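Colleague: can you look at this prediction? I've put the sequence above it.
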Amino acid sequence: MRLLLTHGFFLNEDLKEQEIMRPYPPLGLLYLCAYLRKRGFDVDVYDSTWGSRTELEGLLESGERGWLGIYGNLLTRGSVLSIIERARAAGWRVIVGGPEPANYAEEYLAGGAEYIVPGEGEVVLEQLLSGDAAPDGVIYRDACGKIVRTPPAGLIPDLDSLPWPARDQADIPRYLKAWRERHGKGSVSLITARGCPFHCRWCSHSTFGQTHRRRSFTAVADEVEWIVNRYQPEMVWYADDVFTIHRGWTLSFAHEMKERGLRVPFECITRADRLDESVADALASLGCFRVWLGSESGSQRILDSMKRGVKVEQVQKAVGLVQDRGIEAGMFLMWGYEGEQIEDIEATVQHVKTCRPNVFLTTVAYPIKGTPYYEEVQSKLVRLGDFRSSTDRNIQVRGRRSRSFYRHADDLLRGAMQSPEDDARVADARRGLMETREEVEA
């Protein structure tokens with residue numbers, strides 16, 4: 001039976017993403033497509049990034065019906081539910097996967113999904129398409145209407161056994177063109193591993209659990225070489241949760257790429273405790289131009305509460321290690337984690353001033369269902385809007401400080417990075433913090 005895969009993100013509907021313009025194709029769906037095609041199934045991908053809702057709906061309402069598989073996350077909830085509705089009305093059977101649907105199984109099943117795949121999808125989809133009505137690794141309603149969760153499916157132990165993503169199903173030249181027009185260089189994404197074994201309380205592990213499986217460094221080098229020869233990108237994006245998680249692998253990969261004469265500029269994400277001088281040297285030799293670090297806070301008390309497993313000093317050292325080798329350091333920072341006080345914000349400001357990263361991004365913590373952080377604050381959560389029109393980002397934590405308070409925190413951080421301590425901008429931001437510290441949400 002035919003399978004059509006899609007993901008429900010339409011770039012033409014998202015003004016913010018149009019401004020950022022750093023799109024990448026849906027690697028997960030391309031992996032599923034390649035795997036199932038190799039096993040003889042009729043599979044296509046509708047990459048909605050460059051498509052339109054009208055075009056997808058027309059596709060669903062014409063031609064042969066079959067299975068529709070939709071990747072969903074917290075940002076595409078409303079879009080995915082709308083697609084499910086249209087697909088079921090047109091006679092499709094619907095499977096949903098990705099990091100969110102399993103956390104809201106009742107809502108997605110009520111919305112028309114026949115199956116939810118909460119974990120790795122390749123083997124589960126193969127079994128569903130082969131006629132197994134209740135394989136391991138699915139959530140569905142039985143004949144009595146009861147929600148059934150079958151035992152977790154096993155994870156694929158050897159990632160090298162998987163075919164590369166079916167990039168022929170995505171318009172890679174169009175992605176490159178968008179990047180080049182906005183940023184002057186085109187980028188192609190790939191992964192070297194699946195999963196993250198660390199225990200950060202706010203981070204979702206709903207797809208792969210707290211596991212880590214790595215492709216061989218030779219297999220990754222083969223794919224990079226093919227990408228360079230096929231698409232000629234100016235850079236690549238290693239879309240791993242923690243690129244340098246394994247020191248020996250990183251050093252071996254750097255050596256393999258050097259032997260092949262490959263040095264492709266790239267950026268990646270890692271952790272401060274996964275960097276040392278040898279790893280930083282390897283990143284430089286590979287062509288890394290930016291490393292993103294999850295710093296989150298400059299308060300050790302908050303980091304320990306998050307179970308980040310790193311020390312403030314490790315982050316500061318890691319920034320120095322990469323910058324000393326000409327690699328930019330990017331930092332992710334998070335305001336508003338449970339228990340944060342003004343002194344923790346001040347510690348974060350001082351921490352960033354000490355690090356002097358090349359770029360940093362801030363967000364206000366939001367609880368994702370299924371995480372320990374969500375469970376911790378669940379009794380204080382207030383959903384704004386109905387389920388379909390909202391996301392977990394719209395959930396407020398009763399008693400948390402107001403949005404204006406965190407805007408002042410952003411102003412203080414940026415002012416402190418750009419101005420002397422006694423500058424008026426810094427003083428105004430600090431005053432704003434103090435004046436809004438009693439304002440709370442909900």
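Modeller: Noted; the coordinates are in hand. Residues are numbered from 1 along each chain as shown.

Colleague: surely residue 68 forms part of a strand?
Modeller: Yes - when DSSP: H, G, I helix; E, B strand; the rest coil is applied, residue 68 is found to be in a strand.

Colleague: what about it, distance to residue 148?
Modeller: Distance, residue 68 to residue 148, using Cβ to Cβ, to the nearest Å: 21 Å. For every residue, glycine as well, the C-beta is placed using N, CA and C.

Colleague: which of the two has more neighbours?
Modeller: Each of residue 68 and residue 148 has its neighbours counted (other Cβ atoms under 10 Å); residue 68 has more, 27 against 12.

Colleague: contacting residues for the more buried one?
Modeller: 3-6, 60, 83, 87, 92-95 (Cβ atoms under 8 Å, 6 or more residues apart in numbering).

Colleague: mind redoing it with 6 Å?
Modeller: Contacts for residue 68 (Cβ atoms under 6 Å, 6 or more residues apart in numbering) come out as 4, 87, 92, 94.

Colleague: which of those are buried?
Modeller: 4, 87, 92, 94 (16 or more other Cβ atoms under 10 Å).

Colleague: ok, of the residues you listed, which one's closest to residue 358?
Modeller: residue 4 (41.9 Å; Cβ to Cβ).

Colleague: for the host helix or strand of that closest one, name the packing helices and strands.
Modeller: Using DSSP states H and E, residue 4 sits within strand 3-6. Packing partners of strand 3-6 (3 or more Cβ pairs under 6 Å, 6 or more residues apart in numbering; DSSP states H and E): strand 43-46, strand 67-71.

Colleague: at 7 Å what do you get?
Modeller: Secondary-structure packing of strand 3-6 (3 or more Cβ pairs under 7 Å, 6 or more residues apart in numbering; DSSP states H and E): helix 27-38, strand 43-46, strand 67-71.

Colleague: can you list the strands that the second one pairs with?
Modeller: In the sheet containing strand 43-46, its partner strands are strand 3-6 (parallel), by DSSP bridges.

Colleague: can you give me the distance of residue 124 to residue 356?
Modeller: 46 Å.

Colleague: what about these two, which has more around it?
Modeller: residue 124 (24 against 13).

Colleague: in helices, which of the contacts of residue 68 appear?
Modeller: residue 87 (DSSP state H).

Colleague: ok, the nearest residue to residue 29 once chain neighbours are set aside - contacts?
Modeller: Among residues not flanking residue 29 along the chain, residue 5 sits closest, at 4.6 Å (Cβ to Cβ, 6 or more residues apart in numbering). Residues in contact with residue 5 (Cβ atoms under 7 Å, 6 or more residues apart in numbering) are 29, 32-33, 43, 45, 69.

Colleague: ok, how many other residues are close to residue 212?
Modeller: Count around residue 212 with other Cβ under 10 Å applied: 17.

Colleague: repeat that for the one 3 residues further on.
Modeller: A count of neighbours around residue 215, defined by other Cβ under 10 Å, yields 22.

Colleague: distance of the closest residue to it other than its chain neighbours from residue 220?
Modeller: Distances taken as Cβ to Cβ, 6+ apart place residue 159 nearest to residue 215, at 4.6 Å, with adjacent residues excluded. To residue 220, residue 159 is 10 Å away according to Cβ to Cβ.

Colleague: for residue 27, what are its contacts?
Modeller: 165, 189, 191, 239.

Colleague: and for the nearest residue to the first one once chain neighbours are set aside, the neighbour number?
Modeller: In space, residue 165 comes closest to residue 30 once its chain neighbours are excluded; the distance is 3.4 Å by Cβ to Cβ, 6+ apart. Counted by other Cβ under 10 Å, the residues lying close to residue 30 total 21.

Colleague: residue 30 reaches residue 172, doesn't it?
Modeller: No - using Cβ atoms under 7 Å, residue 30 is not in contact with residue 172, being 10.2 Å away.

Colleague: tally of neighbours for residue 206?
Modeller: Count around residue 206 with other Cβ under 10 Å applied: 18.

Colleague: quick one: average pLDDT of stretch 76-90?
Modeller: Stretch 76-90 carries an average pLDDT of 97.

Colleague: now do that stretch: distance to the chain's middle.
Modeller: 22 Å (Cα atoms, centre = their mean, to the nearest Å).

Colleague: mind exporting that stretch as PDB, just the C-alpha atoms?
Modeller: The C-alpha coordinates for stretch 76-90 follow below in PDB (Å, rounded to 0.1, in the frame of the first residue of the first chain):
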ATOM      1  CA  THR A  76       3.200  22.300  14.000                       C
ATOM      2  CA  ARG A  77       0.400  21.000  16.200                       C
ATOM      3  CA  GLY A  78      -2.400  22.900  14.600                       C
ATOM      4  CA  SER A  79      -1.200  22.300  11.100                       C
ATOM      5  CA  VAL A  80      -0.800  18.600  11.700                       C
ATOM      6  CA  LEU A  81      -4.300  18.300  13.200                       C
ATOM      7  CA  SER A  82      -5.700  20.100  10.200                       C
ATOM      8  CA  ILE A  83      -3.900  17.800   7.800                       C
ATOM      9  CA  ILE A  84      -5.200  14.700   9.700                       C
ATOM     10  CA  GLU A  85      -8.700  16.000   9.400                       C
ATOM     11  CA  ARG A  86      -8.500  16.600   5.600                       C
ATOM     12  CA  ALA A  87      -6.700  13.300   5.000                       C
ATOM     13  CA  ARG A  88      -9.300  11.200   6.900                       C
ATOM     14  CA  ALA A  89     -12.100  12.900   5.100                       C
ATOM     15  CA  ALA A  90     -10.500  12.000   1.800                       C
END
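
Colleague: which among the contacts of residue 5 gets closest to residue 347?
Modeller: Nearest to residue 347 among those, with distances taken as Cβ to Cβ, is residue 29, at 41.5 Å.

Colleague: quick one, what contacts residue 83?
Modeller: 6, 8, 56, 70.

Colleague: try it again with 6 Å
Modeller: Per Cβ under 6 Å, 6+ apart, neighbours of residue 83: 8, 70.
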